[in-house]
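S.K.: next input, structure requested:
(one chain, ligands or ions: 3)
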Amino acid sequence: MQAFEVSAPHAFAVGDQPEPQAAPGEVVIDVAYAGICGSDMHIIHGDNAFVRFPRITGHEFAGVISAVSDGVDPARVGERVCIDPVVSCGRCYPCRIGRPNVCSAMQVIGVHRNGGFAEQVNVPASNAHRLPDDLDLDAAALVEPYSIAANVLSRMGPQPGDRLLIIGAGVIGLTLLQMARAIGLEEITVTDILDERLASARELGAGHTINGRSEDLEQAVLNATDGEGIPLIADAACIPAMLPAMLRMACPAGRIGLLGFSPTPSDLIQLEVIKKELTLVGSRLNNRKFPEVIEHIAAGRLDPKALISHRIALAEMPGAIDLLENHPEQARKVLVKISS
Ligand SMILES: NC(=O)c1ccc[n+]([C@@H]2O[C@H](COP(=O)([O-])OP(=O)(O)OC[C@H]3O[C@@H](n4cnc5c(N)ncnc54)[C@H](O)[C@@H]3O)[C@@H](O)[C@H]2O)c1
Ligand SMILES: [Zn+2]
Ligand SMILES: [Zn+2]
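M.R.: Ligands and ions are numbered 1, 2, ... in the order given. I've put the predicted structure just below:
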């Protein structure tokens, strides 16, 4: 079968690979669509500490079950599914308290084990979520990025009527914007440093956008909130140096959701955290958010197709990687069509 494999940092190619076999409890997926994500770019650059090479990457994908192994209902063959990439052990402390997305022995599909940039991939049957009949497979490939947004928002404990500031209007910032609207938040401000990205945010319903390069973000947020600050801040830019500004922009009792994987330290001013009793939460991948996201898409409360900027074939992946590296402002989600 054809697959996109990263053999070492900066070394990748589309080529022939052996077809995967399903182990007990697993299914084989004929992949229809897979999305390219910033994390795939980190793997290609050798910036992902978890990955082992060679690796077929891709953790955002949907397709059809073509084979099942022992312990899986054979009636699942032919089922249209999308794949939650979080494979957890079920035994460690986080798994026991219902936090499998930070499992001590986590295997992320497309990172620790082979992923979806391939004609076929084997995954645990319980990671393959059945799709409603009218949910298209291209839209379903975006369930995973929405699950990132759903997870961080749930960690932040939004209350009805809360204002939200989203920092960064890349695909994750835009999924956050759509997800926040889907759960009923109305006053949403998005900041970025690229006008093209802010235009996307306005198109998708941001009430207010701020270009942090040409405007004073902190002042704009304080002005818009009569000096009080903002209760919800979601960080989808993941610039470690922005944490002090986030602490200042948060209102008392505010909640800040962090998504960054950078090892660079941030300054944390305890006075800001304590005097306002702020809550800072980390969010990694998703904790069983797939059913909720699928329901929102099926109900029309999320619009995945609005996030897709490019549709390419598997053989075109090296060119798409070049585009994402050199002209990120021209792209939203690049979707790889593998079969249909
Ligand atoms: N924790 C998780 O599970 C998880 C999952 C997916 C992605 N992420 C992280 O989320 C981040 C966003 O992902 P993405 O795919 O949307 O990336 P992206 O690079 O497309 O988007 C980041 C955006 O932030 C903007 N930005 C840069 N500096 C800024 C600043 N000073 N102020 C405001 N905006 C600024 C960029 O212009 C860009 O539009 C990445 O760092 C990624 O690693 C985390
Ligand atoms: Zn991703
Ligand atoms: Zn575990």
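
S.K.: so who does T57 touch?
M.R.: When contacts are counted by C-beta atoms under 8 Å, 6 or more residues apart in numbering, T57 touches F4, E5, V6, D40, I43, I44, G110, V111, G115, F117. All C-beta spots, glycine's among them, are computed from the backbone N, C-alpha and C.

S.K.: out of those residues, which are buried?
M.R.: Taking 16 or more other C-beta atoms under 10 Å as the criterion, what is buried in these is F4, E5, V6, D40, I43, I44, G110, V111, G115, F117.

S.K.: so which of these are in strands?
M.R.: Among these, the ones falling in strands (DSSP state E) are F4, E5, V6.

S.K.: okay, and the beta partners of the first one?
M.R.: The reference is to F4. V14 (DSSP bridges).

S.K.: from memory it sits against F61, does it?
M.R.: No - assessed by C-beta atoms under 8 Å, F4 is found out of contact with F61, at 11.7 Å.

S.K.: now do the SS call for I297.
M.R.: helix (DSSP: H, G, I helix; E, B strand; the rest coil).

S.K.: and if you look at G205?
M.R.: coil.

S.K.: check A180 too.
M.R.: Under three-state DSSP, A180 falls in the helix class.

S.K.: and it, how many neighbours?
M.R.: 25 (other C-beta atoms under 10 Å).

S.K.: can you check D136 too?
M.R.: 15.

S.K.: report the separation between it and L142.
M.R.: The gap separating D136 from L142 is 10 Å, by C-beta to C-beta, to the nearest Å.

S.K.: and the residue of the stretch 101-250 of the chain nearest ligand 3?
M.R.: Of all residues in the stretch 101-250 of the chain, C103 sits closest to ligand 3, at 3.1 Å by C-beta to the ion.

S.K.: pretty sure that residue sits against I97.
M.R.: No - shown here, C103 and I97 do not form a contact pair, counting by C-beta under 8 Å, at 11.0 Å.

S.K.: which residue packs closest to N151, ignoring adjacent ones?
M.R.: Of all residues not flanking N151 in the chain, N286 sits nearest, at 4.3 Å (C-beta to C-beta, 6 or more residues apart in numbering).

S.K.: ramachandran angles for the one you found?
M.R.: Backbone torsions for N286, taken as degrees, to the nearest 10, come to phi -150, psi 150.

S.K.: need the contact list for it.
M.R.: D84, V86, N101, E144, S147, I148, A150, N151 are the contacts of N286 under C-beta under 8 Å, 6+ apart.

S.K.: what's near enough to touch the first one?
M.R.: With contacts taken as C-beta under 8 Å, 6+ apart, D84 has the following neighbours: N127, H129, E144, S147, N286, R288, F290.

S.K.: biggest separation within those residues, which pair?
M.R.: For the contacts of D84, the farthest-apart pair by C-beta to C-beta is E144 and R288; their separation is 12.9 Å.

S.K.: for A149, give me its contacts.
M.R.: Contacts for A149 were tallied using C-beta under 8 Å, 6+ apart; they are I172, T175, L176, Q178, M179, A180.

S.K.: again, only this time at 6 Å
M.R.: T175, L176, M179 (C-beta atoms under 6 Å, 6 or more residues apart in numbering).

S.K.: what strand or helix carries the first one?
M.R.: Pointing back at T175 there. Using DSSP states H and E, the element containing T175 is helix 171-182.

S.K.: would that helix count as contacting ligand 1?
M.R.: Yes - on the criterion C-beta under 6 Å from any ligand atom, helix 171-182 is in touch with ligand 1 at V171, I172, G173.

S.K.: picking up where we left off before, would you mind checking which of the contacts of T57 is nearest to P54?
M.R.: Checking these one by one against P54 (C-beta to C-beta), the nearest turns out to be E5, at 5.4 Å.

S.K.: residue in the stretch 101-250 of the chain with the shortest distance to ligand 1?
M.R.: G170 (2.1 Å; C-beta to the nearest ligand atom).

S.K.: ok, now how distant is L243 from R311?
M.R.: From L243 to R311 the distance is 37 Å (C-beta to C-beta).

S.K.: which one (most neighbours) among the contacts of A149?
M.R.: Neighbour-wise, these (other C-beta under 10 Å) top out at L176, 32 neighbours.

S.K.: what's the helix or strand for the residue nearest to that one when sequence neighbours are not counted?
M.R.: Spatial nearest neighbour of L176, chain neighbours left out: A149 (4.3 Å); criterion: C-beta to C-beta, 6+ apart. Assigned by DSSP H and E, A149 falls within helix 143-156.

S.K.: and the spatially closest residue to G229 that is not a sequence neighbour, how many neighbours?
M.R.: Computed as C-beta to C-beta, 6+ apart, the closest residue to G229 that is not its neighbour in sequence is C251, at 3.4 Å. Residues contacting C251 under the criterion other C-beta under 10 Å number 20.
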